[in-house]
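*Asks:* this is the structure alone, sequence omitted:
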């Protein structure tokens, strides 16, 4: 490499270094100002639903004969902070198909506690067999919507009256429906 070429190369590198320094100095010069918003806080709302059954089953019926009927009430209380929709669904956990011969009527209303249905009044929301209820209303997505109750504040209550009647059908003899459950689910709207 000749001396002249080395000199030109060194001059080019020195020129690049000087231009880079000027660009860096120029790009870092600026006015600035900031503001801060402090003290923010966040809290999630709640959805909570309880009933007054104290862990007891509504029904434990044995030796039913055609036409036998039983009535029970249960009261639910919404204790959440968000507006909700309430849906109801059920399941028959076992047995030998008695559910197809049990007629169930469900009424939504007030008042009525687990211990007492004597002053209950309301609107019927379901009538059909227990088997149909358990296969039609299986979860939140397919649940029975109680349009009569859409709680939006803590402490709202709703009672449900169940009337279960054994149909007059000889095929029901000796059958059972066990581990039957009724579930109410609240989801925020």
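*Replies:* Yep, it's here. Model, not experiment: these values are computed from the prediction.
*Asks:* residue 46: how many residues sit nearby?
*Replies:* 11 (other CB atoms under 10 Å). Every residue, glycine included, has its C-beta placed from N, CA and C.
*Asks:* so what pLDDT did it get?
*Replies:* On pLDDT, residue 46 comes in at 94.
*Asks:* quick check, it in a strand?
*Replies:* No. Using DSSP: H, G, I helix; E, B strand; the rest coil, the secondary structure at residue 46 is coil, not a strand.
*Asks:* for the closest residue in space to it that isn't next to it in sequence, what are its contacts?
*Replies:* Excluding its sequence neighbours, the residue lying closest to residue 46 (CB to CB, 6 or more residues apart in numbering) is residue 80, at 4.4 Å. When contacts are counted by CB atoms under 8 Å, 6 or more residues apart in numbering, residue 80 touches 45, 46, 47, 48, 49, 151, 154, 186, 188.
*Asks:* could I get the full set of helices for this structure?
*Replies:* 3-27, 130-136 (DSSP state H).
*Asks:* weakest of the ones you listed by average pLDDT?
*Replies:* Looking at the helices of the chain, the bottom one is helix 3-27 with a mean of 62.
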